[in-house]
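Peer 1: The following block contains a protein sequence and its predicted model.
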Amino acid sequence: MLSSGQPDKSFGTDGFLYLAARDPQFWNYPTSLELDAQGNIYLVIRLDSNTSRMLSVWRLNPKGALDTSFGEGGGVEWEVFGNDASREVTHTLFLDSKGFYTVFGDEIYDPSQRKLRPAICNQRFNLDGSIDKSFGTDGRHCFSY
């Protein structure tokens, strides 16, 4: 967006960006957007289908093109519990000064234990999109409430 309020025609296609779902069975719900110091755009998306819920992060360059050096073809997707009954809701993404980014969200149901397990969780990633396994347990930490 230009300071005049008009779309920046050099961004995406004629000032707009359209991202297609990798898998058409999922509905996409953008939940957060963050810019890094280089102008890269991190877009957090919740992916829902009739049988599964996943979370994803996409990185775009400042001109709106997918950064294919990030994750797999510009994005990272994961299932927190790996089961179709889990309920994860992503709230935000935080970029830190050490080159990591952390996704924060809620988990409401733990299907492995078949019970409600409200928790606030965060998953930390390296800038290339890989999970930072040195953080918490396999890159993830949850606070139950």
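Peer 2: On my side now, so go ahead. Everything numeric in this text was worked out from a predicted model, so none of it was measured. Residues are numbered from 1 along each chain as shown.

Peer 1: Looking at residue 92 now. What's its pLDDT?
Peer 2: Looking at residue 92, its pLDDT is 80.

Peer 1: Next: residue 73.
Peer 2: Residue 73 is assigned 88 on the pLDDT scale.

Peer 1: give the contact list for it.
Peer 2: residue 66 (Cβ atoms under 8 Å, 6 or more residues apart in numbering). For every residue, glycine as well, the C-beta is placed using N, CA and C.

Peer 1: how much space is there between it and residue 14?
Peer 2: With the distance defined as Cβ to Cβ, to the nearest Å, residue 73 ends up 23 Å from residue 14.

Peer 1: cool, residue 24 as well?
Peer 2: When distances are taken as Cβ to Cβ, residue 24 and residue 14 turn out to be 25 Å apart.

Peer 1: Contact partners for residue 41?
Peer 2: Residues near residue 41 by Cβ under 8 Å, 6+ apart: 33-35, 59-62, 64.

Peer 1: Please repeat the previous calculation with a cut-off of 7 Å.
Peer 2: 33, 35, 60 (Cβ atoms under 7 Å, 6 or more residues apart in numbering).

Peer 1: The residue nearest the centre of the chain sits in which helix or strand?
Peer 2: If you average the C-alpha coordinates of the chain and look for the closest C-alpha using Cα atoms, centre = their mean, you land on residue 57, 2.8 Å from that point. Secondary structure here is read from DSSP states H and E; on that basis residue 57 sits in strand 53-60.

Peer 1: In this structure the residue nearest to the centre of the chain contacts residue 78, no?
Peer 2: No - with contact taken as Cβ atoms under 7 Å, residue 57 and residue 78 are classed as non-touching, separated by 9.1 Å.

Peer 1: Nearest spatial neighbour of residue 95, chain-adjacent residues omitted?
Peer 2: Using Cβ to Cβ, 6 or more residues apart in numbering and skipping the chain neighbours, the partner closest in space to residue 95 is residue 101 (4.9 Å).

Peer 1: now swap in residue 6 and tell me
Peer 2: Closest residue to residue 6 in three dimensions, ignoring its sequence neighbours and counting by Cβ to Cβ, 6+ apart: residue 15, at 7.7 Å.
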